[in-house]
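> Sequence first, then the predicted structure, then my questions.
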Amino acid sequence: MVDSDLSYITTQTNQRYLHVITWGCQMNVYDSNRMVDLLRPLGYKVTNEAEQADVLVLNTCHIRDKATEKVFSELGRLKQIKDYRKEQGHNTLIAVAGCVAQAEGKMILQRAPYVDIVLGPQTYHRLPKMILDVARKTGNVIETDFPVESKFDFLPAPEEAAGYTAFLTIQEGCDKFCSFCVVPYTRGSEESRPVQAILDEANRLCDLGVKEISLLGQNVNAYHGQGPDGNTWNLAKLAEKLSTIPGLSRIRYTTSHPRDMDDSLIDAHRDLPSLMPFLHLPVQSGSDRVLKAMNRGHTADEYRKIIDKLKKARPDIALSSDFIVGHPGESIDDFKATMQLVKDVTFAQAFSFKYSPRPGTSAALSSYQVAEEEKNERLQELQALLRDQQTQFNQNTVGRQIPILFTNTGRKNGQIAGKSPYLQAVHVNADENLIGQERMVLVEECLTNSLSGSLIHKEGVSS
Ligand code: 5AD
Ligand code: SF4
């Protein structure tokens, strides 16, 4: 929906440019793409050159360490660009979006008065109107409340797909309040989009040539959207419906919570060939004591049981996780329990972090903070184990025949590159016209960050 007053912007004769800087999670990437979609009808074209942009958007992340300081340092750089453009006779509008905008709000305008717009993750559908307000010289604008209307109702359908894979946000926010996490404060409470809106967006993306959709949500497997039949649909039912879209060959979802990993979703991994055998299921810790302190709502053995069920349903499923070391009160024995869980489950990849206190969260108030040196040592030990498991996983794919969705040209001439179902980067020597297609590949070599192989033709492996 576009405010009619905005004709002011579209009637400008000169082309207007937009530059978006995105930090943080995939949901921020999705949000940035939607902001581009919102501004496109107003005549804004994306540029990779910040110096060329009439509007600069910094989409921020607040999840860990020094987030706020990082934003102010980047804003210092953007101010120089704004000043330089001013000398050349051009105005530049700076907007700070995302979770730091939500958390810091007014403070951003106080410390960086050259910022024109501060908008939280739930208000970016109002960006065109906010730009107009600034253009009318009503001063800078701040929108960080959690509005009653859903931003999703105001977003235009995507008009361009960036490639053959796309993100699609289906759920947002979180009501779980893990002790360490800022998300419930920055993204607000849990909300699921209606099924029909998701199907429409997915169909549109597939019409634009997308072959793989990653469904996004802070608690994506807690999805409970209103179905076209009037009932509430869960993620398994949504995935089943999406799997009937012609041309959509791969479906993924992230990020999941172990508490919401119900049997219907596990069965979907058995029954839906397009549901990729790869699951990012953060466990954070392998110690029951720490899991309790984190308010995760499950034990380490309950996590192991879920993994066992998943492996039974889909024997080739590859697992990924997030870990935090040094949560307040974490002892050496607690840490050893995490190492044991990693050894028991084995991960194809994982992300691990040192605990960093987040303002406003319960763990930040604990007096049992773990010393920085201790956190460093634990992180190194855990990462060494996770690295070994990742290398082992990649090496185990050598000699296997795996479907690869080719998405772009490779680094070297004559190469094309894509992803395995397990999210590994794979390249082969093959014709560029295979980009956008899924083909069987014999994996031949495991390199540091990727795999290489050869196309399998009906008559055998290509040279
Ligand atoms: N400190 C360290 N890591 C954190 N994460 C979230 N909050 C914190 C924090 N305060 C990690 C969790 C989460 C991932 C997205 O970021 O592992 O799953
Ligand atoms: Fe944060 Fe926990 Fe919610 Fe995940 S489930 S977004 S870690 S509060």
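Sure thing, it's come through. Ligands and ions are numbered 1, 2, ... in the order given.

> give me the low-pLDDT residue ranges for this structure?
Applying pLDDT under 70 to the chain flags the ranges 1-14, 137-139, 146-149, 159-162, 458-463.

> OK, now which residue of it is nearest to ligand 1?
residue 322 (3.3 Å; CB to the nearest ligand atom). Glycine gets a C-beta too; all of them are placed from N, C-alpha and C.

> beta partners of that residue?
Going by DSSP bridges, residue 322 is paired in beta bridges with residue 351.

> Neighbours of residue 249, how many?
As a burial measure, residue 249 scores 20 neighbours (other CB atoms under 10 Å).

> same thing with residue 424?
23.

> hang on, isn't it packed against residue 394?
Yes - if you go by CB atoms under 8 Å, residue 424 and residue 394 touch, sitting 6.3 Å apart.

> Need the residues touching each of those two.
residue 451 (CB atoms under 8 Å, 6 or more residues apart in numbering).

> near ligand 2, which residues of the chain?
Residues of the chain lying near ligand 2 by CB under 6 Å from any ligand atom: 174, 176, 177, 178, 181, 183, 184, 218, 219, 257.

> would you say the fifth one is within a strand?
No - assessed with DSSP: H, G, I helix; E, B strand; the rest coil, residue 181 is coil; it does not lie in a strand.

> Need the three-state assignment for the residue nearest to it when sequence neighbours are not counted.
For residue 181, ignoring the flanking residues on the chain, the nearest one in space by CB to CB, 6 or more residues apart in numbering is residue 361 at 6.4 Å. Here residue 361 is recorded as coil under three-state DSSP.

> Check the burial of residue 361 by counting its neighbours.
18.

> just checking, it touches residue 180?
Yes - applying CB under 8 Å as the test, residue 361 and residue 180 come out as touching, 5.9 Å apart.

> if we can go back for a sec, list the contacts for the residue nearest to residue 181?
Contact analysis of residue 361 by CB under 8 Å, 6+ apart lists 179, 180, 181, 182, 185.

> ok, of these, which one's closest to residue 213?
Comparing these against residue 213 with CB to CB picks out residue 181 as the nearest, at 26.0 Å.

> related to what we said a few turns ago, for the residue nearest to residue 181, phi and psi?
Note on residue 361: backbone dihedrals following degrees, to the nearest 10 are phi -90, psi 160.

> how many other residues sit next to residue 166?
22.

> So what sits opposite it in the bridge?
With DSSP bridges as the rule, residue 166 is bridged to residue 213.

> Okay, it and residue 417: tell me how far apart.
Distance of residue 166 to residue 417, computed by CB to CB, to the nearest Å: 18 Å.

> Run through the residues of the stretch 301-450 of the chain sitting next to ligand 1.
Counting by CB under 6 Å from any ligand atom, the positions of the stretch 301-450 of the chain adjacent to ligand 1 are 322, 324, 353, 355, 356, 358.

> For those residues, pick the one with the most neighbours.
That'd be residue 324 among these, by other CB under 10 Å, with 27 neighbours.
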